[in-house]
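1. Dropping a prediction and its sequence here:
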Amino acid sequence: MNDIDKKISELYDGELDQNEIDTLLEIIYVDQKLQKKLSMYSLAGIASSYKNNQVVSIKSNDKSNKSLFSNIWLSNGLTAAASVLLTLTIVNNADFSRMDISSSSTNQISSAINSKEAKEVINKSEESLADYIMKVINDPNFMNSKESIDLRNVGFLSESITGSTYSRGKENFKLRIEKNNFGLNKIRYWKHGNKMIYLVPLSDGRAVTIYGNVTLSTAISIAKSIT
Amino acid sequence: MKTNSNDNDSVLIERVKNGDKGAFNFLVNKYYPRVYASLFSYTKSKEDSEDLAQQTFLKVWQQIESFRGDSAFFTWIYRIAINLAKNHFVSSASKKQKVNTSIEHAEIEISSYENIEQILMHDQSMIQIKEFINNMPESLKTAFTLRESEGKSYEEISLITDTPIGTVRSRIFRARESIIDYMQKEIIENE
């Protein structure tokens, strides 16, 4: 085995002693084959956590609405925002009818919801959500929280030293808590490969992200146990 | 030696802040595929992704002083890349902007690798590589996956697998070499 290659692998992982770095960087800087090898290491890492690149946003239990919301994430951010706008309109109309608000005020509010300004606000928040979900999927370190949370009351044990991975039998997930809740007032969830991403707003204004192979009801139990 | 898996690049980043082009070159080669993959999933365009990836690293070079280490380095790069991608679509003028001039001006070289980009664009190639990884000997697969998917440090992997740290180093290296060998023989040469 080539010693330089092995050192590159160690430097790639940030595991090389300071005094060995200088020489190695100089060697790599002038050797395009070694530079390519480095990128191939990166490619191997991407492939190891590759999940056929499909993120599906799941928004409704209503089968008739399902087609509106499938396969929107990553494939087209603007389409995603537009679909969400539709969702919000549908949800709000339903709420108005439950509250027995007159049709004229409903129309006024609907106009406000569909105004250019409202659309811009919604689009911006959806863009930030899309960014966030892409980070969850694409950055392997993003979900590695240093904060360990005791989830034994819902049957999950922390299985890693960093405390970010929890498991219960075959179920396992990573968890991350955000200081803000992205303006959400209800749980949002996405399917990515064989895993789910749940973004659950907490009552104290924070939000918890749960990424793994757990069901919606389990994700809700986990979120409740945090608050 | 690093024990915290979140600051893998801190030594190199400090060097880049001091103008070390070798360290920057290392980080570009390390992160180019991941940036390209993120941009491609966003733009669905080979040319746009390549241009935007180059612009991203140009900005990284120019703005490295502002990276304070509050987030993982890749998260910071990723944010730059996605912001560039958004601006790219918003402004039709930026679509026509050539990045080569700026890069020459910055006196840094950012290579792109056609083969790597090709693999990243094809689901089937990525699935093939993942299958190869899944079929590697258990000891190699475990060490490699803990490092790459879980972001564990060598010391953490050593504790988890109850293996000497030197063995962990070797296993991760051997895993990488066998994956690269597979990619060269089964995917790149067959294209």
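-> That came through, no problem. Numbers count the residues shown, from 1 in each chain, chains lettered A, B, ... in the order given.
2. can we go C-alpha only for contacts and neighbour counts from here?
-> Fine.
3. Okay, whichever residue of chain A sits closest to chain B and residue A:21: tell me how far apart.
-> Residue nearest to chain B within chain A: residue A:14 (4.2 Å; C-alpha to the nearest C-alpha). Residue A:14 is 10 Å from residue A:21, where distance means C-alpha to C-alpha, to the nearest Å.
4. cool, residue B:80 as well?
-> 27 Å.
5. Show me which of the two is the more surrounded one.
-> Under the criterion of other C-alpha atoms under 10 Å in any protein chain shown, the comparison of residue B:80 against residue A:21 puts residue B:80 first, with 20 against 16.
6. Verify the contact between the more buried one and residue B:54 for me.
-> No. Applying C-alpha atoms under 8 Å as the test, residue B:80 and residue B:54 come out as separate, 11.4 Å apart.
7. thinking again about what came up before, report whether the expected contact of the residue of chain A closest to chain B with residue B:9 is present.
-> Yes. Between residue A:14 and residue B:9 there is a contact at 5.9 Å, judged by C-alpha under 8 Å.
8. ok, back up a step: number of nearby residues for the residue lying closest to the residue of chain A closest to chain B once chain neighbours are set aside?
-> Using C-alpha to C-alpha, 6 or more residues apart in numbering or on different chains and skipping residues adjacent in sequence, the residue nearest residue A:14 is residue B:8, 4.2 Å away. Number of residues near residue B:8 (other C-alpha under 10 Å) recorded here: 22.
9. Hmm, residue A:10 and residue B:8 touching each other?
-> No. In this structure residue B:8 lies outside contact range of residue A:10 using C-alpha under 8 Å: 10.3 Å.
10. element containing residue A:190?
-> Using DSSP states H and E, residue A:190 sits within strand A:188-192.
11. likewise residue B:38?
-> Secondary structure (DSSP H and E) places residue B:38 in helix B:21-43.
12. That helix and chain A, are they touching?
-> Yes. With C-alpha under 8 Å from any C-alpha of the partner chain as the criterion, chain A is reached by helix B:21-43 at B:22-23, B:25-26, B:29-34, B:38, B:41-42.
13. And residue A:180, its phi and psi?
-> With angles defined as degrees, to the nearest 10, residue A:180 sits at phi -120, psi 160.
14. how far away is the nearest residue to it once chain neighbours are set aside from residue A:147?
-> Leaving aside its chain neighbours, residue A:180 sits nearest to residue A:206 (4.6 Å; criterion: C-alpha to C-alpha, 6+ apart). To residue A:147, residue A:206 is 15 Å away according to C-alpha to C-alpha.
15. What residues of stretch A:202-221 count as buried?
-> For stretch A:202-221, burial by neighbour count (16 or more other C-alpha atoms under 10 Å in any protein chain shown) applies to A:202, A:206, A:207, A:208, A:209, A:210, A:211, A:212, A:213, A:214, A:219.
16. Leaving out sequence neighbours, find the closest residue to the fifth one.
-> Closest residue to residue A:209 apart from its sequence neighbours, by C-alpha to C-alpha, 6+ apart: residue A:199 at 4.6 Å.
17. Wait, a strand at the one you found?
-> Yes. Counting by DSSP: H, G, I helix; E, B strand; the rest coil, residue A:199 is located in a strand.
18. residues in contact with it?
-> Neighbouring residues of residue A:199 by C-alpha atoms under 8 Å, 6 or more residues apart in numbering or on different chains: A:187, A:188, A:189, A:207, A:208, A:209, A:210.
19. Go again with 6 Å.
-> Neighbouring residues of residue A:199 by C-alpha atoms under 6 Å, 6 or more residues apart in numbering or on different chains: A:187, A:188, A:208, A:209.
20. Past the lowest-mean-pLDDT helix or strand in chain B, which element shows up next along the chain?
-> The weakest-scoring helix or strand in chain B, judged by mean pLDDT, DSSP states H and E, is helix B:100-106 (a mean of 44). Sequence order places helix B:114-121 as the next helix or strand after helix B:100-106, per DSSP H and E.
21. For that next one, C-alpha coordinates in PDB please.
-> Extracted in PDB, the C-alpha atoms of helix B:114-121 (Å, rounded to 0.1, in the frame of the first residue of the first chain):
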ATOM      1  CA  GLU B 114     -15.600  14.900 -15.700                       C
ATOM      2  CA  ASN B 115     -15.700  11.300 -14.600                       C
ATOM      3  CA  ILE B 116     -16.700  12.200 -11.000                       C
ATOM      4  CA  GLU B 117     -19.400  14.500 -12.200                       C
ATOM      5  CA  GLN B 118     -20.700  11.800 -14.600                       C
ATOM      6  CA  ILE B 119     -21.000   9.300 -11.700                       C
ATOM      7  CA  LEU B 120     -22.700  11.900  -9.500                       C
ATOM      8  CA  MET B 121     -25.300  12.600 -12.100                       C
END
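22. residues from chain B in reach of chain A?
-> B:1-2, B:8-9, B:22, B:29-30, B:42, B:126, B:130, B:148-149, B:151, B:173 (C-alpha under 6 Å from any C-alpha of the partner chain).
23. Could you check how far residue A:170 is from residue A:3?
-> Going from residue A:170 to residue A:3 by C-alpha to C-alpha gives 40 Å.
24. ugh, typo on my part, it should be residue B:14
-> Relative to residue A:3, and taking C-alpha to C-alpha, residue B:14 is found at 25 Å.
25. No more questions from me, cheers.
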